[in-house]
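>>> just the structure for this:
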Amino acid sequence: MRVLVFGTNYVPERTGMAPFTTGLCEHFASQGHDVNVITTFPYYPEWRVWDGYRGKFTQIQKIKGILSETQQAGYDKFRAEREKRRQQNAKPSGN
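Got it, this is the predicted structure:
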């Protein structure tokens, strides 16, 4: 069977949902299934993309027989936009 897993947390993260998603994928692969994962770059628990992964848009690698396509999720972009709006709303209007 071909299995495609979408998840925001996957190996090399060691906390949160990553161990569960990774374990599920490794289980299916050990049973002979063709497993592919689409995930984000590791960011948890710091809530910022880890060193060594920043500046990339996508990365494809095979980990324990599982093809993993990692893509930039945009957390930093959304955080920057939210902070900019917050600062704009905090400025006195001058009226």
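>>> and the strands in the chain?
Here the chain has its strands, by DSSP state E, at 2-6, 34-40, 58-63, 66-71.
>>> pick the most buried one from those.
Greatest average neighbour count among those goes to strand 34-40 (a mean of 19), per mean count of other Cβ atoms under 10 Å. C-beta here means a position set from N, CA and C on the backbone, and glycine is covered the same way.
>>> tell me the angle that one makes with strand 66-71.
20 degrees (axes from the mean of the first three to the mean of the last three Cα atoms, to 10 degrees).
>>> one step back: dump the strands of the chain into TSV; add distance to T22 and mean pLDDT as well.
TSV is the format used below for the strands of the chain (distance: least, Cβ to Cβ, whole Å; pLDDT from 0 to 100):
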stretch	distance to T22	mean pLDDT
strand 2-6	10	94
strand 34-40	9	92
strand 58-63	9	88
strand 66-71	9	85
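>>> and those strands as a markdown table, adding distance to G23?
Output for the strands of the chain, formatted as a markdown table (distance: least, Cβ to Cβ, whole Å):
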| stretch | distance to G23 |
| --- | --- |
| strand 2-6 | 11 |
| strand 34-40 | 12 |
| strand 58-63 | 13 |
| strand 66-71 | 11 |
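>>> to R85, which of these lies closest?
strand 34-40 (23.0 Å; Cβ to Cβ).
>>> which strands and helices sit next to that closest one?
Taking 3 or more Cβ pairs under 8 Å, 6 or more residues apart in numbering; DSSP states H and E as contact, the helices and strands that strand 34-40 lies on are strand 2-6, helix 18-30, strand 66-71.
>>> identify the neighbouring strands of it in the sheet and state each direction.
The pairing partners recorded for strand 34-40 under DSSP bridges are strand 2-6 (parallel), strand 66-71 (parallel).
>>> turn the helices and strands packed on strand 34-40 into TSV, including distance to F57.
Formatted as TSV, the helices and strands packed on strand 34-40 follow (distance: least, Cβ to Cβ, whole Å):
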stretch	distance to F57
strand 2-6	17
helix 18-30	21
strand 66-71	7
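>>> quick revisit: go through the strands paired with strand 34-40 and name the closest to P12.
Of the strands paired with strand 34-40, nearest to P12 by Cβ to Cβ is strand 66-71, at 10.2 Å.
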